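1. My questions are about this predicted structure, shown below with the sequence.
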Protein chains: 2
Amino acid sequence: MEQRSSNEHEYEQIDLFFQKLPQPSNLSLIRQKVASFCSVQQKPIVLITSGGTAVPIEKNTVRFVDNFSAGTRGSASAEYFLRRNYAVIFLYRFKTLEPFTRHINIHSLLKSFTLDGNRKNLQVSSEMSESLKPVVENYQKLSESLLMVTFTTLSEYLYYLKEIALALQPLGSKAMLYLAAAVADFYIPYDNMAIHKIQSGEGPLRLHLEMVPKILRPLIKFWTPHAFVVSFKLETDESILVTKARKALEKYGHKIVIANALQTRKSTVILVEDKTDERIDVDSNSNVEIESIIVDKLISKHKVFMQ
Amino acid sequence: MEQRSSNEHEYEQIDLFFQKLPQPSNLSLIRQKVASFCSVQQKPIVLITSGGTAVPIEKNTVRFVDNFSAGTRGSASAEYFLRRNYAVIFLYRFKTLEPFTRHINIHSLLKSFTLDGNRKNLQVSSEMSESLKPVVENYQKLSESLLMVTFTTLSEYLYYLKEIALALQPLGSKAMLYLAAAVADFYIPYDNMAIHKIQSGEGPLRLHLEMVPKILRPLIKFWTPHAFVVSFKLETDESILVTKARKALEKYGHKIVIANALQTRKSTVILVEDKTDERIDVDSNSNVEIESIIVDKLISKHKVFMQ
């Protein structure tokens, strides 16, 4: 019998996992879009993942287990990367915050519209124009360097992530992965799911969820081995935060884990690297978004990494 | 020992259930808003519930079980009720579709903005103005008859529903309840929840969910006994749909159950009443939204009911 390497074995394992996940019907369309986006970019490209993933309970899905995430971190970071001349692939959960549009209050905007002198075209009030102008200008200037891809379920997320990673592989160290999405740790394998909506008349519900294999492993080992990979660790219990972040770093061998606690994530993060921790704090009353500092720091480190 | 009526017993049971649910911190603010809205309306008022409810798994919530609903039915129906001169309380899941704004593609709008001759104020392109004008006009004309209240969790939904129902009680038959929200059937009682994010290192996840008491029962029996109550029944299995709808009607004794199957809900519904079923179909290629027909039919029936 042939001796097989552990790499081969591991690759087969993750392959097997994917084979059991329902494949999104638009996968080849996404593949084309990503390839065509990557082919025209001269800039470094960062893949930003954002939002949580839903895990269906039924095949005809009415119910699902979800991970809380509004997409604040990812959408804000995307803007700062774009402003710093990166191209951005924004892989985000449908209906969570998006770069640029996150600043717009659609109700205030609707209230502010008036008709021009000819009562023909809509115009925005002076006050609203003033606050909206920088957003519109940034959007119109930068959005051609932005590719948005949406997911809802864990399967969609994993399939798209793999496609995008493989498309970024040829960029080597010029690619960055900024994995801010809150991905489910547990899921119900497709074969174990009920076909129809589970009836409430049948009494209490017992759900058995299996563990999702850590996708960071094949990502770093096989799909984008030369990219600058940044992952996130969110906990509600601050006392275990840095320890868990460092463990992830040791386990997967990537560049940085950004550790954040649920309660303070908008004012404090800790950049955990191989030998150092760096704590970043912003005053939550200031106008500075912590993502602007995170992105600046990462871009400096990425520059060194690319040399 | 005193003989207590089954009503008293039932009231106590639901009271007990509420006592164990975490009470939303803004409940008294919502109470005030609803009271002040109701006090100025001359029109009939319809409460529309829309979207799904989230059921937290952890007290410091990272994960939750959710019910799929984009809020299409509720948000479209709200517009048609407003146009037909009803006041609307729209109790909806945060981030699901809203009346009026559901028509707006924010990306197209951002792309369409140009600066006026003085390069000062933003204006909307002619093409976009044309499609947007009716939405803006309806919004500006009708939105003072619309009160929007958002929820995310099952607790928030139930507490707000109770408050609004009690505020509508004095209106008697002039109030309509249009319960389109996809409310969770199962939940994890607060006392059984983990405090912190459940660690994935601890192996597969076993979740035990209890049944949510049918809130339609106290709603119809105690909170708004004279209102015109319309509930919805969604199934993925069409073969059990009408039977289940009629059972609900018999059990709770309200006016109408609107039965719909997940797959065909945008083109077909069945209005199930005490003695009749009425099937409504629209061609999914037509511009007619099925909600416009549902709302017309309900308003006719509500008129008869009020006499």
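-> Sure thing, it's come through. Predicted, not measured: the structure shown is a model, and the values here were computed from it.

2. the helices in the stretch 1-150 of chain A, which residues?
-> For the stretch 1-150 of chain A, the helices identified by DSSP state H, counting those that start in this stretch occupy A:6-20, A:27-40, A:72-83, A:106-112, A:126-142, in order along the chain.

3. Quick check: which of the ones you listed is buried the most?
-> Sort these by mean neighbour count, taking mean count of other CB atoms under 10 Å in any protein chain shown, and helix A:72-83 sits at the top with a mean of 24. Placement of C-beta: from N, CA and C, glycine included.

4. I'd like the average pLDDT over that helix.
-> For helix A:72-83, mean pLDDT rounds to 98.

5. and it with helix A:126-142, angle?
-> For helix A:72-83 against helix A:126-142, the angle between stretch directions is 70 degrees (axes from the mean of the first three to the mean of the last three CA atoms, to 10 degrees).

6. can you list contacts of helix A:72-83?
-> When contacts are taken as CB atoms under 8 Å, 6 or more residues apart in numbering or on different chains, the neighbours of helix A:72-83 outside the stretch itself are A:46, A:48-51, A:88, A:90, A:92, A:96-100, A:102, A:138, A:142, A:145-146, A:178, A:180-181, A:232, A:265-266, A:289, A:291-292, A:294-296, A:299.

7. Residue A:230: helix or strand, and which one exactly?
-> Assigned by DSSP states H and E, residue A:230 belongs to strand A:228-235.

8. What is that strand packed up against?
-> Using 3 or more CB pairs under 8 Å, 6 or more residues apart in numbering or on different chains; DSSP states H and E as the contact criterion, the secondary-structure elements in contact with strand A:228-235 are strand A:175-179, helix A:241-252, strand A:256-261, helix A:290-306.

9. quick one, it and strand A:256-261 angle?
-> Here strand A:228-235 points in a direction 20 degrees away from that of strand A:256-261 (the same axes, to 10 degrees).

10. Just list the residues touching residue A:189, thanks.
-> Neighbouring residues of residue A:189 by CB under 8 Å, 6+ apart: A:20, A:210.

11. let's go with 10 Å and repeat that
-> Contacts were defined as CB atoms under 10 Å, 6 or more residues apart in numbering or on different chains; by that measure residue A:189 touches A:17, A:20, A:21, A:208, A:209, A:210.

12. Which residue, neighbours along the chain excluded, lies closest to the residue most central in space within chain A?
-> Among the residues of chain A, the one closest to the centroid is residue A:49, at 1.2 Å (CA atoms, centre = their mean). Of all residues not flanking residue A:49 in the chain, residue A:181 sits nearest, at 3.7 Å (CB to CB, 6 or more residues apart in numbering or on different chains).

13. Verify the contact between that neighbour and residue A:53 for me.
-> Yes: at 6.9 Å, residue A:181 and residue A:53 qualify as touching, with contact defined as CB atoms under 10 Å.

14. what's the spacing between the residue nearest to residue A:75 when sequence neighbours are not counted and residue A:72?
-> Beyond its immediate neighbours in the sequence, the residue positioned closest to residue A:75 (CB to CB, 6+ apart) is residue A:97, lying 4.1 Å away. Between residue A:97 and residue A:72 the computed distance is 6 Å (CB to CB, to the nearest Å).

15. so what's in contact with the two at the same time?
-> A:50, A:51.

16. Near chain B, which residues of the stretch 151-300 of chain A are found?
-> Counting by CB under 10 Å from any CB of the partner chain, the residues of the stretch 151-300 of chain A close to chain B are A:152, A:182, A:184-188, A:194-212, A:214, A:234-237, A:240, A:244, A:247, A:261-263.

17. Produce a PyMOL select command limited to the buried residues of those residues.
-> Selecting only the buried entries of these in PyMOL, with 16 or more other CB atoms under 10 Å in any protein chain shown as the criterion:
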select buried, chain A and resi 152+182+184+185+186+187+188+194+197+198+205+207+209+212+234+235+236+240+244+261+262
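
18. quick revisit: now for residue A:181 and residue A:53: what residues contact both?
-> Common contacts of residue A:181 and residue A:53 (CB under 10 Å, 6+ apart): A:67, A:69, A:93, A:151, A:157.

19. what bridges to the first one?
-> Bridge pairing for residue A:67 (DSSP bridges) gives the partners residue B:63.

20. What about it, how many residues nearby?
-> Applying other CB atoms under 10 Å in any protein chain shown, we find 24 other residues in the vicinity of residue A:67.

21. How about the fourth one?
-> Here the number of neighbours of residue A:151 (other CB under 10 Å) works out to 25.

22. was I right about it contacting residue A:71?
-> No: under the criterion of CB under 10 Å, residue A:151 lies out of contact with residue A:71, with a separation of 11.7 Å.

23. joint contacts of these two?
-> A:49, A:50, A:51, A:52, A:92, A:93, A:181.

24. List phi and psi for the third one.
-> Summarising the backbone geometry of residue A:51 under the convention degrees, to the nearest 10, its torsions are phi 90, psi 170.

25. And it, how far from residue B:150?
-> The gap separating residue A:51 from residue B:150 is 19 Å, by CB to CB.

26. Next: the fourth one.
-> Noted for residue A:52: a distance of 19 Å to residue B:150, by CB to CB.

27. closest to chain B among the shared contacts of residue A:151 and residue A:71?
-> Of all the shared contacts of residue A:151 and residue A:71, the one sitting nearest chain B is residue A:52; the distance, using CB to the nearest CB, is 8.7 Å.

28. Could you list everything the closest one pairs with in the sheet?
-> Bridge pairing for residue A:52 - DSSP bridges - gives residue A:182.

29. need the contact list for it.
-> Taking CB under 10 Å, 6+ apart, one finds A:65-71, A:93, A:96, A:151-152, A:154, A:157, A:181-184, B:62-64 in contact with residue A:52.

30. Ok, residue A:117 next?
-> Contacts were defined as CB under 10 Å, 6+ apart; by that measure residue A:117 touches residue A:123.

31. Residue A:35 contacts residue A:169, doesn't it?
-> No: Residue A:35 sits out of contact with residue A:169 when judged by CB under 10 Å, with a separation of 11.8 Å.

32. give me every residue that touches residue A:256.
-> Contacts of residue A:256 by CB under 10 Å, 6+ apart are A:178, A:228-232, A:245, A:249, A:271-274, A:278, A:294, A:297-298, A:301-302.

33. So for it, what's the pLDDT?
-> 97.

34. how near is it to chain B?
-> 21 Å (CB to the nearest CB, to the nearest Å).

35. now that residue, nearest residue through space, not along the chain?
-> Spatially, and ignoring its direct neighbours in sequence, residue A:256 is nearest to residue A:230 (4.8 Å; CB to CB, 6+ apart).

36. That neighbour and residue A:219 touch, don't they?
-> No: look at residue A:230 against residue A:219 with CB under 10 Å: they stay out of range, at 11.8 Å.

37. Next, count neighbours for residue A:306.
-> Applying other CB under 10 Å, I find that residue A:306 has 13 neighbouring residues.

38. swap that for residue A:282, please
-> Count around residue A:282 with other CB under 10 Å applied: 18.

39. Residue A:293 is in contact with that one, correct?
-> Yes: between residue A:282 and residue A:293 a contact is recorded at 6.8 Å, counting by CB under 10 Å.

40. For the two, list the residues in contact with both.
-> With CB under 10 Å, 6+ apart, residue A:282 and residue A:293 have common neighbours residue A:269.

41. For burial, what's the neighbour tally of the nearest residue to residue A:168 once chain neighbours are set aside?
-> What sits nearest to residue A:168 in space, not counting adjacent residues and going by CB to CB, 6+ apart, is residue A:175, at 4.1 Å. Applying other CB under 10 Å, we find 25 residues neighbouring residue A:175.

42. just the one 3 residues further on next, same as before
-> Residues within reach of residue A:178, counting by other CB under 10 Å, total 28.

43. ok, what's across the strand from it?
-> Here residue A:178, judged by DSSP bridges, has bridge partners residue A:48, residue A:230.

44. pLDDT averaged over stretch A:259-269 - what is it?
-> Within the predicted structure, the mean pLDDT of stretch A:259-269 is 91.

45. Same question for stretch A:294-301.
-> The model assigns stretch A:294-301 a mean pLDDT of 98.
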